[in-house]
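> Sequence and predicted structure are below.
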Number of protein chains: 2
Amino acid sequence: MTALATWTDGPTRSAIVDFVDRVTTEGGPDYVEPLERVAVLDNDGTLWCEKPMYIQLDFLIRRFAEQAKADPSLRTKQPYKAAIEGDLNWFGEAVTKHYQGDDSDVKPLVGAILTAHHEITVEEHRSRVEAFFAEAKHPTLGRAYTACGYSPMIELLRFLEANGFTCYIVSGGGRDFMRPITSALYGIPPERVVGSSVGLDYRDGHLFTTSQPEFLDDGPMKPVRLWSRIGRRPILAAGNSNGDIEMLEFTRGLRLLVLHDDADREFDYTAGAEKALEQAAKDDWTVVSMRNDWASVFGD
Amino acid sequence: MTALATWTDGPTRSAIVDFVDRVTTEGGPDYVEPLERVAVLDNDGTLWCEKPMYIQLDFLIRRFAEQAKADPSLRTKQPYKAAIEGDLNWFGEAVTKHYQGDDSDVKPLVGAILTAHHEITVEEHRSRVEAFFAEAKHPTLGRAYTACGYSPMIELLRFLEANGFTCYIVSGGGRDFMRPITSALYGIPPERVVGSSVGLDYRDGHLFTTSQPEFLDDGPMKPVRLWSRIGRRPILAAGNSNGDIEMLEFTRGLRLLVLHDDADREFDYTAGAEKALEQAAKDDWTVVSMRNDWASVFGD
């Protein structure tokens, strides 16, 4: 089987194959020892869909509705009101207002996010995530969230591993939200998932979630957190948004930026990626066009 | 070759071999999938010597002396004065006073530790660590620090790996102080070293050390940090001090506590391990007697 068969024959696929050839050619000028072949990949918008909303936000909104069912006093408060009414626009508006300098909706939203799954063990948290993925479906693509991974990126992970790379997810998404499914979805085990998290408390042999933020693994924190976890500078990075710029800069080697330009098969947007696209043009990062470079987007 | 040849034939060695047999016997009641075979091991006093002082403290004291040479105004201040005068007692006294409720010496010491290597790139930090280990020797054992690893524990790491385990160091010591040497010393790569750290700042493609503490990977923080890094509950843990209690409690499987009772070949002390030894007796942790259980302590 041809490597990267889900990628169309063209300059992007060639850039990847040529790079991997160079770093794996023993005695060549660009040879890199297998242990140093570290690849880091963003998750939302890079390995799976992030539109019309982050998959984790769906997980949280369902929890808000559950909390409001259990506690009627929450039903008149945001974001619980929007959650039980299915008013998804409220969540989008909260973020838009935040970027316009008005945090009146984002503040209660962040508070609700931090307390949505607090004071439970990490094992109980995993069970809740597993229950969500067992039934939740993408609202417009009509497929399970666990089938929303991009086939070409998953094939890229396998291609890199076959060439001695170790691949890590480095995402702004929740570390312990991703871990229960990354093995099945991407073949990436929990110890290679770097992400955001609330603080954890140790008591009586167990770890409990808190409502204190610990890491927000985005922007300049991505290189910090990946160093903390890996202790090596990556030689390949893939991202898709402004939050990936610093991780791509920190990488010495191939930098991939996934461009969502495929309204037919996925989505078409550049909002939140404007600066990353500018820097890609300036610094010769490799822009991956979903429409042109991917022979298929999703598996069956 | 017999597995664990550096361990004497006896109940401790048997406890380890029996445990590994049980978790690797497919179809047996205690079988554990290879990916879940996670072992976590403390470093100071568990994998290498921590007496007469932490090896990292020697690294820091040499740096204080270097700073005092470059800046004469530091020479009358502690801990720089003690460092240039070779007054190692001052450092021991500072800690003793701290435990007696007097932080007058520990405060400037902590401040000096946090600024000893600040505002340099992580690569420059690694160079300083490598330069230290290239020349520094243990003050009483007369061997290079890089030869101060315990042979039976290193053999245990290999034995575990041969049985499908993945081994991590989880230490109160500095993460980026250990990483440059753990591959050569223990066969443990940087990505499997969990430890304390100052915060890092990302600027212009580089990560810089700061003087802000980020993690102190000791006591109840050990399970928190190992979960953050690994995302699995260990099935084997090894420690030697009170700072390892919570990590040992969090582990479901074999818990090893190294007892320093070998004044002839290493050191004989229980200070700082009193509570751990009590809990080991109560909860049936496996106490490893250096004197009785280890056929040899160091390699050549």
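Arrived safely. Quantities reported herein were computed from a predicted structural model and do not represent experimental measurements. Residues are numbered from 1 along each chain as shown, chains lettered A, B, ... in the order given.
> only C-alpha atoms for contact and neighbour calcs from this point on.
Will do.
> CA-only coordinates of the worst-scoring helix or strand of chain A on mean pLDDT, as PDB, when you get a sec.
Using mean pLDDT, DSSP states H and E, helix A:88-99 stands out as the lowest-scoring helix or strand of chain A, at a mean of 88. What follows is helix A:88-99, C-alpha atoms only, in PDB (Å, rounded to 0.1, in the frame of the first residue of the first chain):
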ATOM      1  CA  LEU A  88     -26.500  27.100  21.400                       C
ATOM      2  CA  ASN A  89     -26.300  30.600  20.100                       C
ATOM      3  CA  TRP A  90     -25.900  31.900  23.600                       C
ATOM      4  CA  PHE A  91     -22.600  30.100  23.900                       C
ATOM      5  CA  GLY A  92     -21.300  31.500  20.600                       C
ATOM      6  CA  GLU A  93     -22.400  35.000  21.500                       C
ATOM      7  CA  ALA A  94     -20.700  34.800  24.900                       C
ATOM      8  CA  VAL A  95     -17.400  34.200  23.100                       C
ATOM      9  CA  THR A  96     -18.000  36.900  20.500                       C
ATOM     10  CA  LYS A  97     -18.800  39.400  23.300                       C
ATOM     11  CA  HIS A  98     -15.600  38.400  25.000                       C
ATOM     12  CA  TYR A  99     -13.600  39.200  22.000                       C
END
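> Helix or strand next in line after that helix, which one?
Later in the chain than helix A:88-99, the nearest helix or strand by DSSP states H and E is helix A:106-116.
> ok, for the spatially most central residue of chain A, nearest residue in space, not its chain neighbours?
Note on chain A: the residue nearest the mean C-alpha position is A:Asn43, at 2.1 Å, using Cα atoms, centre = their mean. Leaving out its chain neighbours, the residue that sits closest to A:Asn43 by Cα to Cα, 6 or more residues apart in numbering or on different chains is A:Ser171, at 5.4 Å.
> Can you check my assumption that the one you found lies in a helix?
No. A:Ser171 is assigned strand when assessed by DSSP: H, G, I helix; E, B strand; the rest coil, not a helix.
> Distance from the least confident helix or strand of chain A to the middle of the chain?
20 Å (Cα atoms, centre = their mean, to the nearest Å).
> can you check stretch A:164-180 too?
Per Cα atoms, centre = their mean, the centroid offset for stretch A:164-180 relative to its chain is 7 Å.
> Outside of it itself, list whatever touches it.
Under the contact criterion Cα atoms under 8 Å, 6 or more residues apart in numbering or on different chains, stretch A:164-180 has outside partners A:34-44, A:56, A:125-126, A:129-130, A:157, A:160-161, A:188-190, A:192-197, A:216-218, A:222, A:226, B:231.
> Could you look up the SS state of the nearest residue to A:Leu74 once chain neighbours are set aside?
Leaving aside its sequence neighbours, A:Leu74 sits nearest to A:Ala68 (Cα to Cα, 6+ apart; 5.2 Å). Applying three-state DSSP to A:Ala68 yields a three-state assignment of helix.
> so what's the residue of the stretch 1-150 of chain A found nearest chain B up against?
Chain B sits closest to A:Leu35 of the stretch 1-150 of chain A, with a gap of 8.5 Å, by Cα to the nearest Cα. By Cα under 8 Å, 6+ apart, A:Leu35 lies in contact with A:164-166.
> And A:Pro108, by the same measure?
A:78-79.
> Quick one, grab the pLDDT at it.
pLDDT for A:Pro108: 96.
> Now do A:Val95 against A:Gly243, distance only.
Counting by Cα to Cα, to the nearest Å, the separation of A:Val95 from A:Gly243 is 15 Å.
> Mind checking which of the two has more residues around it?
Between A:Val95 and A:Gly243, counting by other Cα atoms under 10 Å in any protein chain shown, A:Gly243 is the more crowded of the two (22 against 16).
> In three-state terms, label the more buried one for me.
Three-state assignment for A:Gly243 (three-state DSSP): helix.
> doesn't A:Leu216 make contact with it?
No. The criterion here is Cα atoms under 8 Å, and A:Gly243 misses it with A:Leu216 at 10.8 Å.
> For chain B, what's the nearest residue on the stretch 201-300 of chain A?
Using Cα to the nearest Cα, A:Ile230 is the residue of the stretch 201-300 of chain A that sits closest to chain B, at 4.1 Å.
> Tell me who's in contact with that residue.
Applying Cα under 8 Å, 6+ apart, one finds that A:Ile230 lies in contact with B:190-192.
> Mind doing that once more with 10 Å?
Residues near A:Ile230 by Cα atoms under 10 Å, 6 or more residues apart in numbering or on different chains: A:38, A:40, A:168, A:192, A:194, B:189-194, B:229.
> Including neighbour count, could those residues go into TSV?
Shown next, in TSV, are those (neighbours: other Cα atoms under 10 Å in any protein chain shown):
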residue	neighbour count
A:Val38	22
A:Val40	29
A:Tyr168	25
A:Arg192	24
A:Val194	31
B:Pro189	22
B:Pro190	24
B:Glu191	20
B:Arg192	24
B:Val193	30
B:Val194	32
B:Arg229	24
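> Dump those residues into a markdown table; add distance to B:Thr210 and pLDDT as well.
Listed next are the contacts of A:Ile230 as a markdown table, based on distance: Cα to Cα, whole Å; pLDDT from 0 to 100:
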| residue | distance to B:Thr210 | pLDDT |
| --- | --- | --- |
| A:Val38 | 25 | 98 |
| A:Val40 | 24 | 98 |
| A:Tyr168 | 25 | 98 |
| A:Arg192 | 26 | 98 |
| A:Val194 | 22 | 98 |
| B:Pro189 | 24 | 98 |
| B:Pro190 | 20 | 98 |
| B:Glu191 | 21 | 98 |
| B:Arg192 | 23 | 98 |
| B:Val193 | 20 | 98 |
| B:Val194 | 19 | 98 |
| B:Arg229 | 21 | 97 |
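> just those residues now: which is nearest B:Ala273?
Taking Cα to Cα as the measure, B:Ala273 lies nearest B:Val194 of those, at 21.1 Å.
> Please identify the helix or strand for that closest one.
Assigned by DSSP H and E, B:Val194 falls within strand B:193-203.
> got a list of contacts for the helix or strand following that strand?
Later in the chain than strand B:193-203, the nearest helix or strand by DSSP H and E is strand B:206-215. The set of residues external to strand B:206-215 that reach it, using Cα under 10 Å, 6+ apart, is A:220, A:223-224, A:227, A:233, A:246, A:249-251, B:110-125, B:172, B:174-175, B:194-202, B:221-222, B:225.
> What subset of those is buried?
The neighbour-count test (16 or more other Cα atoms under 10 Å in any protein chain shown) marks A:220, A:223-224, A:227, A:233, A:246, A:249-251, B:112-114, B:116-119, B:121-122, B:125, B:172, B:174-175, B:194-202, B:221-222, B:225 as buried among the contacts of strand B:206-215.
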